[in-house]
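Asks: Need coordinates for the below:
(2 chains)
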2 protein chains.
Amino acid sequence: MSLTGDSCLYNFIVMELFGYIKPPEHLDATFAALADPTRRAILARLASGDASVTQLAEPFAMSQPAISKHLKVLERAGLISRSREAQRRPRRLEAAPLKDVADWLENYRRFWTESFDRLDDYLQKLQTREKQHGRTERRK
Amino acid sequence: MSLTGDSCLYNFIVMELFGYIKPPEHLDATFAALADPTRRAILARLASGDASVTQLAEPFAMSQPAISKHLKVLERAGLISRSREAQRRPRRLEAAPLKDVADWLENYRRFWTESFDRLDDYLQKLQTREKQHGRTERRK
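Replies: Numbering: from 1, shown residues only, chains lettered A, B, ... in the order given. The predicted model follows:
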């Protein structure tokens, strides 16, 4: 089975397989990288397309070295990558670590869903009570 | 509209409403709190039921003050709360900040879904190629 010519997809498969054997500490780096508003803003910018360091620095009142530091944290967490395109080397969003966070969160989803169900029940109870109260008021 | 007697649900509604006006830096505290394997293990333990500090410290080779430090970080991030039950004051999981993380992640879901679609396309292409190759081999 030849994978030559599909090197991008081959890399992708290796990265995905690597994802399955990723140690749990990988989540540490992901969460730490996401714990900063500038880094989250950088990811939001990259969600609309690849961008160079200069382009990424533009919306922030920050020096390029300060932005580069944030980019390094994101890169180490596997949240962004650099394309091979010479000179500019634009950064690209890598979603695999975000998927890991989403998978981890799934264990807790039932907690907030249950909460909303409880709120819903309560509001319905309130509404029924209000209606009954209204009827009693009219009868008087 | 009287809320007496439903104080638990009243608190819940206030907390939920507070959630809507929560500043974005709230996510900083949540992500920072989640960037530690012990703190994530504490949340996993609390997902199966409320627990006292002693109970929470048990599975870890850690002093109670060390665990208390982790609990403080989780509490400040709103990820756990203390029940009013005297003495033991068991900790409880609070899912609202996790829901905020899930909401934030939704902006990126399309990226990993697209990736998996791409992988799926590729594997189908490979399978077709393998079948064609098999047929050519048999003809020889």
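
Asks: Do you know the pLDDT at the residue positioned nearest the centre of chain A?
Replies: Within chain A, one residue has its C-alpha closest to the average C-alpha position: by CA atoms, centre = their mean, that is A:Leu98, at 4.7 Å. We note a pLDDT of 96 for A:Leu98 in this prediction.

Asks: Name the SS class of it, please.
Replies: Reducing the assignment to helix, strand or coil with DSSP: H, G, I helix; E, B strand; the rest coil, the entry for A:Leu98 is helix.

Asks: What count of nearby residues applies to the closest residue to it other than its chain neighbours?
Replies: On the basis of CB to CB, 6 or more residues apart in numbering or on different chains, the spatially nearest residue to A:Leu98 that is not a chain neighbour turns out to be B:Tyr108, at 4.9 Å. Quick note: C-beta positions are derived from backbone N, CA and C, even for glycine. A count of nearby residues for B:Tyr108, using other CB atoms under 10 Å in any protein chain shown, gives 20.

Asks: how about the helices in chain A?
Replies: A:7-20, A:25-34, A:37-46, A:53-57, A:64-76, A:96-106, A:109-139 (DSSP state H).

Asks: Nearest residue to A:Thr54 in space, ignoring adjacent ones along the chain?
Replies: Counting by CB to CB, 6+ apart, A:Thr54 lies nearest to A:Gln64, which is 7.2 Å off, once chain neighbours are set aside.

Asks: Low-confidence regions, chain A specifically.
Replies: In the prediction, chain A carries residues with pLDDT under 70 at positions A:1-24, A:86, A:115-116, A:135-140.

Asks: what do you get if the cut-off is 80, keeping everything else the same?
Replies: Applying pLDDT under 80 to the predicted model, the residue ranges of chain A that meet it are A:1-25, A:84-88, A:114-122, A:130-140.

Asks: Of the helices of chain A, which is nearest B:Asp117?
Replies: B:Asp117 lies closest to helix A:7-20 among the helices of chain A, at 11.8 Å (CB to CB).

Asks: that older thread, with distance to B:Val53 added, can I get the helices of chain A in JSON lines?
Replies: What follows is the helices of chain A, written out as JSON lines (distance: least, CB to CB, whole Å):
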{"stretch": "helix A:7-20", "distance to B:Val53": "35"}
{"stretch": "helix A:25-34", "distance to B:Val53": "23"}
{"stretch": "helix A:37-46", "distance to B:Val53": "32"}
{"stretch": "helix A:53-57", "distance to B:Val53": "44"}
{"stretch": "helix A:64-76", "distance to B:Val53": "33"}
{"stretch": "helix A:96-106", "distance to B:Val53": "24"}
{"stretch": "helix A:109-139", "distance to B:Val53": "21"}
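
Asks: related to what we said a few turns ago, hang on, the residue nearest to the centre of chain A packs against B:Phe111?
Replies: Yes - A:Leu98 is within contact range of B:Phe111, at 7.1 Å (criterion: CB atoms under 8 Å).

Asks: which one of the helices of chain A lies closest to B:Glu130?
Replies: Distances from B:Glu130 to each of the helices of chain A were compared using CB to CB; the shortest belongs to helix A:7-20, at 15.3 Å.

Asks: A:Glu58 - how many residues pack around it?
Replies: Residues within reach of A:Glu58, counting by other CB under 10 Å, total 12.

Asks: same question, A:Lys99
Replies: The tally of other residues near A:Lys99 (other CB under 10 Å) stands at 20.

Asks: Also A:Gly78?
Replies: In terms of burial, A:Gly78 registers 21 neighbours under the definition other CB under 10 Å.

Asks: if I pick it, what's in contact with it?
Replies: Residues near A:Gly78 by CB atoms under 8 Å, 6 or more residues apart in numbering or on different chains: A:26, A:29-30, A:94, A:96-97.

Asks: Repeat that for A:Trp112.
Replies: Going by CB under 8 Å, 6+ apart, A:Trp112 touches B:95-96, B:98-99, B:102.

Asks: Please repeat the previous calculation with a cut-off of 10 Å.
Replies: A:Trp112 makes contact with A:105, B:94-100, B:102-103, according to CB atoms under 10 Å, 6 or more residues apart in numbering or on different chains.

Asks: Emit the PyMOL select command for whichever of those are buried.
Replies: A single PyMOL command selects the buried members of the contacts of A:Trp112 (16 or more other CB atoms under 10 Å in any protein chain shown):
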select buried, (chain A and resi 105) or (chain B and resi 94+95+96+97+98+99+100+102)
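
Asks: Make TSV out of the contacts of A:Trp112 and add distance to B:Arg76.
Replies: Output for the contacts of A:Trp112, formatted as TSV (distance: CB to CB, whole Å):
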residue	distance to B:Arg76
A:Leu105	20
B:Glu94	12
B:Ala95	16
B:Ala96	14
B:Pro97	11
B:Leu98	15
B:Lys99	18
B:Asp100	15
B:Ala102	20
B:Asp103	20
